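> Return atomic coordinates for the entry below.
(2 chains)
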Amino acid sequence: MKLERISEFAIGLLFGLGLIVAGMTDPSKVIGFLDLAGRWDPSLALVMGGAVLVGVLGFAVARRRSTGMLGGAMQLPQARHIDRRLVFGSLAFGAGWGIAGLCPGPAIVSLVAGEPKAVVFVLAMLAGMGAFEWLEVRKKRRRTAAHPA
Amino acid sequence: MQIDWAHFTPWTSFAGGIAVGLAAVALVLLHGRILGISGIVGGLLRPRGSDAAWRVAFLLGMLTAPLLYRWAVGPHAVTIDAGWGAVVLAGLLVGVGTRYGSGCTSGHGICGLSRGSPRSLVATLAFMGAGFVTVYLLRHVLA
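The predicted model follows:
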């Protein structure tokens, strides 16, 4: 068993536990944060605040590295442009998040809890992601066909 | 605006946030990768093979968390008020939206903001805004 795999597993475990302790795996708590006009539960703001507080320090160090400490290239996103895909994709994601109170991380963690609606959500999410991949592949194929190298 | 004092959990939410932040920092410092769940899962749907191992290891860790938590504390609450059709629609929107948007709450909201990425700031404002508006419509206009 490679050390890297054990480390990645442990980090996933820490992440999952963090989400559970934070209450983010409870959709009603997430919607409580998104319900500004109703009884507002600010908890999610503190989750993000705590995470970004740690994150700013960590990424300041990471930015200066070219490799991970356990090996592998430092793969930080390089894209800088703000385009329609980013905005409309995020709007769509936010709408879905507001409907069920679930986003990818908490949904996956709640799979194991055996909540049937969480399972259905994840299946639908995977279908949506799969549809995206299919559309992207099709678009690339058309572009290559129109402009053969 | 009324604060929901009955449900507000400042200390555990902040502590959980710190843990989430530590996980993100660990993944980038040790492995050079962004802790963005939509990206980690989305990457598994691509035929790239050699990239899959770390993603699977990480996701297995995530899936183990509720088991460990249940053993130590008890089952965690998962209250979903949305109906079945709404859950399917929500899943599709999240699946398609996070891929087009290149990220989700962990990728953009935590990693991106921590990096000071303008793209992630725009994305986060967009999905937060959409979330607020959607809940407002569902709870106070259409309800």
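> the helices in chain A, which residues?
A:3-22, A:27-34, A:43-62, A:84-100, A:104-111, A:116-146 (DSSP state H).
> Now do the fourth one against helix A:116-146, angle only.
Same thing as helix A:84-100. 160 degrees (axes from the mean of the first three to the mean of the last three C-alpha atoms, to 10 degrees).
> Can you list the buried residues in the least confident helix or strand in chain A by mean pLDDT?
The helix or strand of chain A with the poorest confidence is helix A:116-146; it has a mean of 92 (mean pLDDT, DSSP states H and E). By 16 or more other C-beta atoms under 10 Å in any protein chain shown, the buried positions in helix A:116-146 come out as A:117-122, A:124-126, A:128-129, A:132. Where C-beta positions appear, they are placed from N, C-alpha and C, glycine not excepted.
> Then stretch B:11-27?
B:13-27.
> So, low pLDDT: which residues of chain B?
B:48-50 (pLDDT under 70).
> repeat that with 80
Chain B contains residues with pLDDT under 80 at B:47-50, B:143.
> what ranges do the helices span in it?
Going by DSSP H, chain B shows helices at B:10-31, B:37-44, B:52-72, B:84-100, B:113-115, B:118-136.
> Format those as JSON lines; extra columns: distance to chain A.
What follows is the helices of chain B, written out as JSON lines (distance: least, C-beta to the nearest C-beta, whole Å):
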{"stretch": "helix B:10-31", "distance to chain A": "2"}
{"stretch": "helix B:37-44", "distance to chain A": "4"}
{"stretch": "helix B:52-72", "distance to chain A": "2"}
{"stretch": "helix B:84-100", "distance to chain A": "2"}
{"stretch": "helix B:113-115", "distance to chain A": "3"}
{"stretch": "helix B:118-136", "distance to chain A": "3"}
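> To residue B:93, which of the helices of chain A lies closest?
Ranking these by their distance to residue B:93 (criterion: C-beta to C-beta) puts helix A:84-100 first, at 2.9 Å.
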